[in-house]
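Visitor: Quick one, fold the following:
(chains A and B)
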Amino acid sequence: MNVGPAHYAALSAILFAIGLFGVASRRSTMAALASLSVLFSAPVVAAAGFAESGHGSLPRLGDALALFTLAALCAELVVGGAVAALLWRRSDTADLDEMTEVDG
Amino acid sequence: MFYVLAVLIVVAALGAVLAPSTRHVLVAVMAGDILVGILLIAAGAYVLGVIALVAPAGCLLVVAALLRRSGYEALLSDIPAWGSSWPVAAAVAGGIGVLLFWTTATRIDDSAGGGGQSLVTVLHYGTPISLGVAAVLAVVAVAGGLMIGRTGDDERLLDRAAEQRRLREERTRMRRQHRAAARAQRDERGGAAQ
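Guide: Numbers count the residues shown, from 1 in each chain, chains lettered A, B, ... in the order given. The predicted structure follows:
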């Protein structure tokens, strides 16, 4: 059976749903950040899968889109980690449910 | 090959979301990123695959190592996994997943694929401005992360003072408890003697 863009789209949808569930339900800041990176990998799979499979004649812009998504993912991980550290220093907890108020 | 990798990626993603320990979560995310990179290489996107293999897992590893070295181990501590609203989160995520699946996977034909230009050619001739923006974003993110996450001398002093205050209060509390326990014991003994 040939692997087409629809297969990558299905995998991407599953990854997006799993990541979204993690972001919305995890209580630890680092675990929520990790779930966010699962969520970000969904468009990477979709864009690269669209570009690499199928028989279209358009330039391979999907790969470029996936690369930009990866750059955003790395930025999210670095800045998210720093913000998590800052929040922990301010509120003395890594539990998102306890961060009801953060002073400036 | 696609099916095996797809199953492994989904298992790693589930592990990243369901694992009770934060360390296991980070390991699962790294495994998932590496598997996505292998999937892209297997699909023929070699440059992108290598970047996907190295960059996100490397970023996560560096962040975790920096947190451990800088005294933020508590951030990696295990916290009860689920918030109270997890059924709502599951319903919303499932709904959006089904919607995505229905609007993309079931309504796409095989003519959506790209042609023969390599990624480097596309980046160089097709999207040079976007490439520049992505490079600037990466540099700004690293600089911003270091700026936000750094600990200044004054903050270190304040942290040390707060830690000493916490220890002092802990010792006072323990002394008070011991005194109360000793008093209770004395009272018990006095009562028994009478």
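Visitor: what's near enough to touch the spatially most central residue of chain B?
Guide: Geometric centre of chain B, nearest residue: B:L26, 6.0 Å, by C-alpha atoms, centre = their mean. Neighbouring residues of B:L26 by C-beta atoms under 8 Å, 6 or more residues apart in numbering or on different chains: A:30, A:34, B:60, B:64, B:76. C-beta here means a position set from N, CA and C on the backbone, and glycine is covered the same way.
Visitor: Helices - which of these land there?
Guide: Filtering those for membership in helices, criterion DSSP state H, returns A:30, A:34, B:60, B:64.
Visitor: I'd like the next helix or strand past the worst-scoring helix or strand of chain B on mean pLDDT.
Guide: In chain B, the helix or strand scored least confidently by mean pLDDT, DSSP states H and E is helix B:119-121, which has a mean of 73. Going down the chain from helix B:119-121, the next helix or strand is helix B:128-149, by DSSP states H and E.
Visitor: mean confidence score for whichever helix or strand comes after that following helix?
Guide: Next along the chain after helix B:128-149, taking DSSP H and E as the criterion, comes helix B:153-193. The average pLDDT within helix B:153-193 is 82.
Visitor: Could you list the domains of chain B?
Guide: For chain B, the structural domains run B:1-75+B:119-129, B:156-194, going by automatic domain parsing.
Visitor: Centroid-nearest residue for chain A?
Guide: Most central in chain A under C-alpha atoms, centre = their mean is A:F40, positioned 2.0 Å from the mean C-alpha point.
Visitor: Output the below-cut-off pLDDT ranges for chain B.
Guide: Low-confidence segments of chain B (pLDDT under 70): B:70-71, B:74, B:77-83, B:107-117, B:149-156, B:193-194.
Visitor: among the domains of chain B, which is the most enclosed?
Guide: Of these, the one with the most neighbours on average (mean count of other C-beta atoms under 10 Å in any protein chain shown) is domain B:1-75+B:119-129, at a mean of 19.
Visitor: on that earlier part again, ok, the residue nearest to the centre of chain A touching A:F68?
Guide: No: in this structure A:F40 lies outside contact range of A:F68 using C-beta atoms under 8 Å: 11.4 Å.
Visitor: re the thing from before, could you see whether chain B lies near the helix or strand hosting the residue nearest to the centre of chain A?
Guide: A:F40 belongs to helix A:29-52 when assigned by DSSP H and E. Yes: using C-beta under 8 Å from any C-beta of the partner chain, helix A:29-52 reaches chain B at A:29-31, A:34-35, A:37-38, A:41, A:44-46, A:48-52.
Visitor: Mind giving me the ChimeraX command for buried ones among these?
Guide: Selection of buried members from the residues of helix A:29-52 next to chain B for ChimeraX, criterion 16 or more other C-beta atoms under 10 Å in any protein chain shown:
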select /A:29,30,31,34,35,37,38,41,44,45,46,48,49,50,51,52
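Visitor: which pair in the residues of helix A:29-52 next to chain B spans the largest distance?
Guide: Farthest apart among those by C-beta to C-beta are A:T29 and A:E52. That separation is 34.9 Å.
Visitor: where along chain A do the helices fall?
Guide: Counting by DSSP H, the segments of chain A that form helices are A:5-25, A:29-52, A:61-91.
Visitor: B:R176: which of those is closest?
Guide: helix A:61-91 (27.3 Å).
Visitor: The host helix or strand of B:V50 near chain A at all?
Guide: B:V50 is located in helix B:46-69, with elements delineated by DSSP H and E. Yes: Helix B:46-69 comes into contact with chain A (C-beta under 8 Å from any C-beta), by way of B:47-48, B:51-52, B:55-56, B:59-60, B:62-63, B:66-67.
Visitor: now swap in stretch B:30-39 and tell me
Guide: Yes: under the criterion of C-beta under 8 Å from any C-beta, chain A is reached by stretch B:30-39 at B:32-33, B:36, B:39.
Visitor: contacts for that stretch?
Guide: Residues outside stretch B:30-39 that contact it (C-beta under 8 Å, 6+ apart) are A:37-38, A:41, A:44-45, B:2, B:5-6, B:8-9, B:12-13, B:15-16, B:49-54, B:56-57, B:60-61.
Visitor: if we can go back for a sec, for A:V83, state which of the contacts of B:L26 is nearest.
Guide: A:M30 (11.3 Å).
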